[in-house]
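S.K.: Compute the structure for the input listed below.
(one chain, ligands or ions: 1)
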Amino acid sequence: ALQHRLWPDIDRLVKQQVAMSRMGIGDCGTGWQLFAEDGEMKMYRREEEIDGMVVDPLKAVHIVKGITGHEVCHYFFNPKYRYDWETTLEHMTVLENISDDTLVFLQTHKRIWPASQRDVVFWSHIRKLPNDQDRDGPDIWTVVNNSTESPEHPANVGKCVRIYLTVCLLCQTRVHPPKDGAPITRDDVSCKITYCSVVNPGGWAPASVLRAVYKREYPKFLKRFTAYVINQTKNKPLMF
Ligand SMILES: Cc1cccc(-c2n[nH]cc2-c2ccc(F)c(-c3ccc(S(=O)(=O)CCO)cc3)c2)n1
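M.R.: Below you'll find the predicted structure:
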């Protein structure tokens, strides 16, 4: 198929993000601190600042029963579901439909006092990857969101401060086949979700406010999003 203008960037970044996501917390080097834990969900962050701005990389690992990696990535990638689970979203526009697995979004999010309102332009790409660790295991699914330019929507023109982010959602499905060779049901599957994000807030925002927002919003987002996928899929056939 013809390559589109973003393809080289997307291909390079997807490979880099997937490699990083598959590294455990341990071999990511030190510096990761566990800041939230809720059952199977563990959230880590590294405290990092660039020119005095908090850009704390985040890595969340969550294991959810009854859903597959394809389903998690499908509901995360597809714009038609986003208002259902993204609670801080004020407005979302699909700027470009580059291909059936690559879209460009413009999103404005609700303002976090006392900082200015933020908007973001990013390409979003969904991809299935062969499971090279377990040849006959289910495929790995990933969605990578990465900030990009849009000539029609230049940064910091209106009231919003443009933020810059790289997000990688990586999902590994696990099947626990029933003993008696019965067909696989939702009780026999689980999904290991790794969500990595680095957000540059764009303009100045107080470090203490940003860190408090991240501490509150990330766990809320991952719990709400996974509960949404469980609810959307519970009476539907499994998507592998
Ligand atoms: C989950 C979370 C973490 C940190 C901050 C907040 C938040 N609270 N109030 C406003 C925001 C906010 C501001 C700007 C943004 F770009 C995003 C934003 C967050 C996630 C993603 S995504 O790519 O992970 C999912 C698509 O929306 C995109 C933008 C979220 N929400």
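S.K.: If you count neighbours, what's buried in the top helix by length along the chain?
M.R.: Identified as the longest helix of the chain according to DSSP state H is helix 207-233. Residues of helix 207-233 classed as buried by neighbour count (16 or more other Cβ atoms under 10 Å): 210, 213-214, 218-219, 221-222, 225-226, 228-230, 232-233. In short, each C-beta sits where N, CA and C put it, glycine included.
S.K.: shaky segments in this protein?
M.R.: 1, 27-29 (pLDDT under 70).
S.K.: rewinding a little: and the buried residues of helix 207-233, which is closest to the ligand?
M.R.: Phe221 (3.7 Å; Cβ to the nearest ligand atom).
S.K.: which residues does that closest one contact?
M.R.: By Cβ atoms under 8 Å, 6 or more residues apart in numbering, Phe221 lies in contact with 86-87.
S.K.: what does Tyr228 give?
M.R.: Neighbour list for Tyr228: 75, 81, 84-85 [criterion: Cβ under 8 Å, 6+ apart].
S.K.: So the longest helix of the chain, near the ligand or not?
M.R.: Yes: using Cβ under 6 Å from any ligand atom, helix 207-233 reaches the ligand at 213-214, 217-218, 221.
S.K.: farthest pair in those?
M.R.: Greatest spacing in the residues of helix 207-233 next to the ligand, by Cβ to Cβ: Val213 and Phe221 (11.1 Å).
S.K.: Please name the bridge partners of the residue most central in space within the chain.
M.R.: Geometric centre of the chain, nearest residue: Leu169, 3.9 Å, by Cα atoms, centre = their mean. Judged by DSSP bridges, the bridge partners of Leu169 are Val143, Tyr195.
S.K.: so it makes contact with Cys73?
M.R.: Yes: judged on Cβ atoms under 8 Å, Leu169 makes contact with Cys73 at a distance of 6.5 Å.
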